[in-house]
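Novice: Got a predicted structure here, sequence first:
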Amino acid sequence: MNKYAELTGGDKLVIAMLIYPGMFLQDLVGPLTVFESLMNRDIHLVWKNLDVVGNENPAQTKLIPVRPTTTFKDCPKNLDVLFVPGGVPGTLTMMEDPEVLTFLAEQGKTAKYVTSVCTGSLILGAAGLLNGYKATSYWSSLPALAELGAIPTKSRVVVDRNRVTGGGVTAGIDFGLKLVALLRNENYAKAVQLYLEYNPEPPFNAGSPETAPAMVTQFLNDMFAGINEASIQTAKRAKKRLRG
């Protein structure tokens, strides 16, 4: 009898992670690092084709290129996890891309867990996958999330039935560990946490608008004003399209 069975066992998991031009790399890499720590899993980095895509800034596609492993057409069905990262302005483009939205909507019908990190939840919402669900996003994107029928919830990770959404950027590791606990068990997730030595000790208590100095929060609000308004307007167009 294997005394470590709960830390090593489990059926094979099939995970599809959308990648796209303009995504924020950390939104992908955090969860991917956690998922790669799982035993008995297949991970697919999915895009329209197998061409290399950029990240963060579409004008810097050679910064750290990411190569898809699977196309939309060849992506397995009945996924255990469907995952979408965030990153603007790429998010806004994906929110109005019919091919991306159709892929997500179809896969979302049968996926065991439909998930995202950061503004990836706006893309899920634009695909009609968060209507009536509690969800989170990057802190300044919560108003846009509300336009898509989701129930914005300020939390590092939000679980509502089979929807699991993570907050901004660095929340991807927290999100990944929570999802591992759901897919396997809590001790399995704790083993992954220790394997990754995930024991954060941030040098400052400024990781949310509530704890950051008021001047810092205002600076970022001013800096994001244009993209936040664009997110809301894009979400409104998506809502109109979903309503037919």
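Specialist: Arrived safely.
Novice: And the next helix or strand past the helix or strand where A191 lies?
Specialist: Per DSSP states H and E, A191 falls inside helix 186-195. Sequence order places helix 214-242 as the next helix or strand after helix 186-195, per DSSP H and E.
Novice: Off-centre distance for that following helix?
Specialist: 18 Å (Cα atoms, centre = their mean, to the nearest Å).
Novice: Poorly predicted segments of this protein, please.
Specialist: Applying pLDDT under 70 to the chain picks out residues 1, 55-63.
Novice: Burial check on N162, number of neighbours?
Specialist: By other Cβ atoms under 10 Å, the residues close to N162 number 14. C-beta: built from backbone N, CA, C; applies to glycine.
Novice: That one contacts G108, correct?
Specialist: No: using Cβ atoms under 8 Å, N162 makes no contact with G108, being 9.5 Å away.
Novice: ranges for the helices of the chain?
Specialist: 5-8, 25-36, 90-94, 98-110, 120-126, 142-147, 171-183, 186-195, 214-242 (DSSP state H).
Novice: which other helices and strands contact the last one?
Specialist: Judged by 3 or more Cβ pairs under 8 Å, 6 or more residues apart in numbering; DSSP states H and E, helix 214-242 is in contact with helix 90-94, helix 120-126, helix 142-147.
Novice: Buried residues of it, list them for me.
Specialist: By 16 or more other Cβ atoms under 10 Å, the buried positions in helix 214-242 come out as T217, F224, I227, N228, A230, S231, I232, T234, A235, A238, K239, L242.
Novice: cool, the second one as well?
Specialist: Of the residues in helix 25-36, those buried by neighbour count under the rule 16+ other Cβ under 10 Å are L25, Q26, D27, L28, V29, G30, P31, L32, V34, F35.
Novice: what about that helix, distance to the chain center?
Specialist: Offset of helix 25-36 from its chain centre (Cα atoms, centre = their mean): 9 Å.
Novice: Give me whichever of the helices and strands packed on helix 214-242 is most buried.
Specialist: Mean neighbour count (mean count of other Cβ atoms under 10 Å) peaks for helix 120-126 among the helices and strands packed on helix 214-242, with a mean of 30.
Novice: what's it in contact with?
Specialist: Contacting residues not belonging to helix 120-126 are listed as 18, 27, 83-86, 91, 94-96, 100-101, 104, 108, 114, 116, 130-131, 135-137, 141, 144-145, 147-150, 163, 165, 231, 234-235, 238, 242 [Cβ atoms under 8 Å, 6 or more residues apart in numbering].
Novice: chain center to that helix, what's the gap?
Specialist: Helix 120-126 sits 9 Å away from the centroid of its parent chain (Cα atoms, centre = their mean).
Novice: and what of stretch 100-114?
Specialist: Relative to the chain's own centre, stretch 100-114 is displaced by 13 Å; criterion: Cα atoms, centre = their mean.
Novice: Restricting to C-alpha, output that stretch in CSV.
Specialist: Output in CSV follows, covering the C-alpha atoms of stretch 100-114 (Å, rounded to 0.1, in the frame of the first residue of the first chain):
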residue,chain,number,x,y,z
VAL,A,100,-11.8,33.0,-29.5
LEU,A,101,-15.2,33.5,-28.0
THR,A,102,-16.7,30.6,-29.9
PHE,A,103,-13.9,28.3,-28.8
LEU,A,104,-14.3,29.3,-25.1
ALA,A,105,-18.1,29.1,-25.2
GLU,A,106,-18.0,25.6,-26.7
GLN,A,107,-15.3,24.2,-24.4
GLY,A,108,-16.9,25.9,-21.4
LYS,A,109,-20.1,23.8,-21.9
THR,A,110,-18.2,20.6,-21.0
ALA,A,111,-15.1,21.6,-19.0
LYS,A,112,-15.1,20.5,-15.4
TYR,A,113,-13.7,23.8,-14.3
VAL,A,114,-13.9,27.1,-16.2
